[in-house]
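Colleague: Fold the following, please.
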Amino acid sequence: MGARWGLYAEESFRRAMKGILEDHFNIQVLHVNEFDDEGFVFSRPDQVEIDIINQDSALILCEIKSSMSKSDMHIFERKVRFYEQRHQRQATQMVVISPMVEDQARKLAQKLGITVYSYPEDVEKAVLKPFRYFVSFDAGAVSSGRANRSCFFRT
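Modeller: Numbering: from 1, shown residues only. Below is the predicted model:
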């Protein structure tokens, strides 16, 4: 059940990212699945999956996983090198998106130049920095049964 939930969560996030970026910002998002017949990534021939965000000259290669270990980080870096070699195109950024990243994996990511988005505060710093979110309740309306909840975004 847990593994299936993780896969569903990854795919849901992938679809949301694709929908938002393609529909609103004209940025191409691809989920690439290619066969590594030389065994570069996994030391034996196998399928290699990687997510790509592509706009003009920017090429961002992403790994979206429910958890990342140190070995997962090494594998992601090899996936990036495999893609770059196969497509003769240099990644401008490597990104890992995961709610659970082991400390050793985070340290390795820093050494490899991989940006990690993990805990909510990390995402908030990167994406929501200009916004403040708060919910206001009208106490009089709540006590009379006419609940009024308002959400505000401020810069």
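
Colleague: Next SSE downstream of the helix ranked longest in the chain?
Modeller: Counting residues, the longest helix found in the chain (DSSP state H) is helix 2-25. The first helix or strand that comes after helix 2-25 along the chain, using DSSP states H and E, is strand 28-36.

Colleague: Summarise which helices and strands that next one is packed against.
Modeller: If you count contacts as 3 or more Cβ pairs under 8 Å, 6 or more residues apart in numbering; DSSP states H and E, strand 28-36 packs onto helix 2-25, strand 46-55, helix 70-87. All C-beta atoms are positioned from the backbone trio N, CA, C, and that covers glycine.

Colleague: Bridged to the residue nearest the centre of the chain, which residues?
Modeller: In the chain, the residue lying closest to the centroid (Cα atoms, centre = their mean) is residue 97, at 3.3 Å. Under the criterion DSSP bridges, residue 97 forms beta bridges with residue 64, residue 117.

Colleague: and it, what does it touch?
Modeller: If you count contacts by Cβ atoms under 8 Å, 6 or more residues apart in numbering, residue 97 has them with 13, 62, 63, 64, 65, 117, 118.

Colleague: about what we covered before: now do the longest helix of the chain against strand 28-36, angle only.
Modeller: Going by axes from the mean of the first three to the mean of the last three Cα atoms, to 10 degrees, helix 2-25 is angled at 130 degrees with respect to strand 28-36.

Colleague: buried set for helix 2-25?
Modeller: For helix 2-25, the neighbour count (16 or more other Cβ atoms under 10 Å) marks 6, 10, 13, 14, 17, 18, 21 as buried.

Colleague: where does this protein have low pLDDT?
Modeller: Along the chain, the model assigns pLDDT under 70 to residues 1-7, 120-155.
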